[in-house]
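A.B. asks: coords below, sequence missing:
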């Protein structure tokens, strides 16, 4: 056990003395030390119920002969951080989370980890830490929120708050209805109810084999979730005893399974950014073309909010991730291992129920291709991402005139004041990993556009990114970003922009010679934020097509 380094031998007398000061007994000192990295906070709805899950995990660890130590990890609620300075910190917090878990686990010589998480950047940050440390680890996601209810209709966060604001501004709903929606849309604990980033990553964590079967969709506050937490504590001790390491689980085949499931679900575009970063910590090289290759041969079998009408609770009741894997059984790798001790094939073999209205059969998909497409062209030489599952099939090709903004705030002002119209392509740049800094999500602008009835009439492209709640012809992650002199920095108002999802193209319709002239005249911009963590982050962070990482394990 790694913990022998702090608790065995005469020279470790001082260390044991301090450990005894925590209340540990001599008998407990002999057991494996299991850290519970808990991201409990009163600030995030998806995390407020974690005290119960901490207790369940502790009890599971105790019951199987381990000793638990809870330590705290911070988190950010993207919905609360959205649309102001706070969103600059969201993606960078992923790196802090990974660094903090690494620091605590290494400093205290923990034998294993249970990583208690739920929301957007916390789950990928914890996965990154587990693979970096490569000590026995298991993930527990706290689960999705139940749907809200209002006047006989089910509600979800994005549609019934962000998009509702725009509907109120154009007098489609009353002020009282807006006030009622804000009280009803989020009824309690849990991650937001659709297939947004938090729930996408929870589902992919299960597919990757890093959490127990059912963990990705089991509802927050449910008895099932508490049992999964308990069993995860039990299993964490077994993983230490068996020396099962994260890199034994998160193999190239596991990542391919995760990408396949992501495409079949129509998940958040942020999953691309996070899977690239997680794979980097495992020393595995992923690239955008692999995502697109898998997307082209993976039918979309589920249609959840924001693009569809089903909720995460529907996916869970339909059989969850095991049921999805069952319907994907002809194209996923069955031999991939999981922390449960069962292979993906064994989990598939145990499926005895699938609701094929929610999770369609592979020969009856919603779309013949996966939910995410990767675009290339003279605006995105290194790639860009679009959530194709959220785009009306009638506008898979969109050509319009550029309306250019150098920040989210200036774009929001114009959108809110009705200065964007049919046929426009809103360009929001200098919002990439370096330029933002922090690659902010553009949920407020996209929700305003949809709420104003322009969702199929206006496109938006950015070197920033989108919330999992975004829908419509919205292209993000454009690489290289404007701050690094990428072609998006060369666009002028009125330039024709062509988005062709079927052909995977993103171009500004200008001669190469004109772009070269503009490039030669482009002035380098200073930092938007030149103090504190964000300044350091912008100095270190890589491009979005590499996962916006600061800890490079593998070469380009």
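C.D. replies: Noted; the coordinates are in hand. Note that this is a predicted model, so its numbers are computed, not measured. Numbers count the residues shown, from 1 in each chain.
A.B. asks: So what's the residue count around residue 261?
C.D. replies: Residue 261: 28 surrounding residues under other CB atoms under 10 Å. For glycine as for every other residue, the C-beta is placed from the backbone atoms N, C-alpha and C.
A.B. asks: so where's the protein uncertain?
C.D. replies: In the predicted model, the chain carries pLDDT under 70 at residues 555-556.
A.B. asks: any idea which residue sits dead centre in it?
C.D. replies: Residue closest to the mean C-alpha point of the chain, counted by CA atoms, centre = their mean, is residue 197 at 3.8 Å.
A.B. asks: can you map out the strands along this protein?
C.D. replies: 33-38, 67-72, 112-117, 137-141, 148-150, 153-155, 373-377, 380-386, 397-405, 424-428, 459-462, 474-479, 496-500, 505-508 (DSSP state E).
A.B. asks: Sheet partners, orientation included, of the longest one?
C.D. replies: Listed by DSSP bridges, the sheet partners of strand 397-405 and their directions read strand 424-428 (parallel), strand 496-500 (antiparallel).
A.B. asks: Now do the first one against strand 474-479, angle only.
C.D. replies: Using axes from the mean of the first three to the mean of the last three CA atoms, to 10 degrees, the interaxial angle of strand 424-428 with respect to strand 474-479 works out to 40 degrees.
A.B. asks: still on that earlier bit, pretty sure the residue nearest to the centre of the chain sits against residue 272.
C.D. replies: No: here residue 197 lies out of contact with residue 272, judged by CB atoms under 8 Å, at a distance of 10.9 Å.
A.B. asks: For residue 18, give its distance to residue 67.
C.D. replies: Noted for residue 18: a distance of 15 Å to residue 67, by CB to CB, to the nearest Å.
A.B. asks: Tell me which of those two has more neighbours.
C.D. replies: Taking neighbours as other CB under 10 Å, residue 18 and residue 67 compare with residue 67 leading, 21 against 9.
A.B. asks: Tell me who's in contact with the closest residue to residue 483 other than its chain neighbours.
C.D. replies: Take residue 483 and drop its neighbours on the chain: the residue closest to it by CB to CB, 6 or more residues apart in numbering is residue 435, 3.1 Å away. Applying CB atoms under 8 Å, 6 or more residues apart in numbering to residue 435 gives the contacts 429, 463, 481, 482, 483, 484, 525, 528, 538.
A.B. asks: contacting residues for the fifth one?
C.D. replies: Taking CB under 8 Å, 6+ apart as the contact definition, residue 483 lies against 430, 432, 434, 435, 463, 489, 525, 538.
A.B. asks: let's go with 6 Å and repeat that
C.D. replies: 430, 432, 434, 435 (CB atoms under 6 Å, 6 or more residues apart in numbering).
A.B. asks: Please apply the same query to the last one.
C.D. replies: Listed by CB under 6 Å, 6+ apart, the contact set of residue 538 reads 434, 437, 527.
A.B. asks: and if we set it to 10 Å?
C.D. replies: 88, 92, 432-438, 483, 527-530 (CB atoms under 10 Å, 6 or more residues apart in numbering).
A.B. asks: so how far is residue 444 from residue 428?
C.D. replies: 11 Å.
A.B. asks: Between the two, which is the more surrounded one?
C.D. replies: Per other CB under 10 Å, whichever of residue 428 and residue 444 has more neighbours is residue 428, with 27 against 23.
A.B. asks: That one against residue 439, yeah?
C.D. replies: No: applying CB atoms under 10 Å as the test, residue 428 and residue 439 come out as separate, 11.5 Å apart.
A.B. asks: quick one: buried residues of the longest helix belonging to the chain?
C.D. replies: As assigned by DSSP state H, the longest helix anywhere in the chain is helix 223-242. Counting neighbours by 16 or more other CB atoms under 10 Å, one finds that the buried residues in helix 223-242 are 225-226, 228-241.
A.B. asks: For it, name the packing helices and strands.
C.D. replies: The contact analysis (3 or more CB pairs under 10 Å, 6 or more residues apart in numbering; DSSP states H and E) places helix 223-242 against strand 33-38, helix 50-63, strand 67-72, strand 112-117, strand 137-141, helix 246-249.
A.B. asks: what about the first one, distance to the chain center?
C.D. replies: The one in question is strand 33-38. 23 Å (CA atoms, centre = their mean, to the nearest Å).
A.B. asks: That strand to helix 50-63, inter-axis angle?
C.D. replies: Using the same axes, to 10 degrees: strand 33-38 against helix 50-63 is 170 degrees.
A.B. asks: from the buried residues of helix 223-242, which single one is nearest residue 27?
C.D. replies: For the buried residues of helix 223-242, the residue nearest residue 27 by CB to CB is residue 237; the value is 15.3 Å.
A.B. asks: Hmm, that closest one is touching residue 113, no?
C.D. replies: No: with contact defined as CB under 10 Å, residue 237 does not reach residue 113; the gap is 11.6 Å.
A.B. asks: Now do the shared contacts for the two.
C.D. replies: By the contact definition CB under 10 Å, 6+ apart, residue 237 and residue 113 are jointly contacted by 34, 136.
A.B. asks: ok so, going back, columns distance to residue 245 on top of the contacts of residue 483, output as a markdown table?
C.D. replies: Shown next, in a markdown table, are the contacts of residue 483 (distance: CB to CB, whole Å):
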| residue | distance to residue 245 |
| --- | --- |
| 430 | 41 |
| 432 | 34 |
| 434 | 34 |
| 435 | 37 |
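A.B. asks: now, which of those sits nearest residue 390?
C.D. replies: residue 432 (21.5 Å).
A.B. asks: burial of the nearest residue to that closest one once chain neighbours are set aside, as a residue count?
C.D. replies: The shortest distance from residue 432 to any residue other than its chain neighbours is 2.8 Å, reached at residue 481 (CB to CB, 6+ apart). The local packing of residue 481 (other CB under 10 Å) involves 28 other residues.
A.B. asks: Please work out how many residues are found near the residue nearest to residue 457 when sequence neighbours are not counted.
C.D. replies: Of all residues not flanking residue 457 in the chain, residue 422 sits nearest, at 4.2 Å (CB to CB, 6+ apart). Counted with other CB under 10 Å, residues neighbouring residue 422 total 9.
A.B. asks: from the chain's centre, how far out does stretch 506-518 sit?
C.D. replies: Between the centre of stretch 506-518 and the centre of its host chain there is 33 Å, according to CA atoms, centre = their mean.
A.B. asks: which outside residues touch it?
C.D. replies: Residues contacting stretch 506-518 (CB under 10 Å, 6+ apart): 374-381, 383-384, 386, 399, 402, 425, 427, 461, 475, 478, 487-492, 495-500.
A.B. asks: can we see that at 7 Å?
C.D. replies: Outside of stretch 506-518, the residues within contact range by CB atoms under 7 Å, 6 or more residues apart in numbering are 375-380, 384, 475, 487, 490-491, 495-499.
A.B. asks: Closest to residue 124 out of these?
C.D. replies: residue 384 (20.1 Å).
A.B. asks: Is the closest one in contact with residue 474, as I believe?
C.D. replies: No: between residue 384 and residue 474 there is no contact under CB atoms under 7 Å: 10.5 Å.
A.B. asks: one step back: pick out whichever of the contacts of residue 483 sits closest to residue 329.
C.D. replies: Nearest member of the contacts of residue 483 to residue 329, counting by CB to CB, is residue 432, at 38.8 Å.
A.B. asks: and the closest one, what is it in contact with?
C.D. replies: 439, 463, 464, 481, 482, 483, 544.
A.B. asks: re the thing from before, Serialize the helices and strands packed on helix 223-242 to CSV and add fields for distance to residue 308.
C.D. replies: Converted to CSV, these look like this (distance: least, CB to CB, whole Å):
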stretch, distance to residue 308
strand 33-38, 33
helix 50-63, 29
strand 67-72, 36
strand 112-117, 25
strand 137-141, 21
helix 246-249, 30
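A.B. asks: Among the ones you listed, show me which one is buried the most.
C.D. replies: strand 137-141 (a mean of 31; mean count of other CB atoms under 10 Å).
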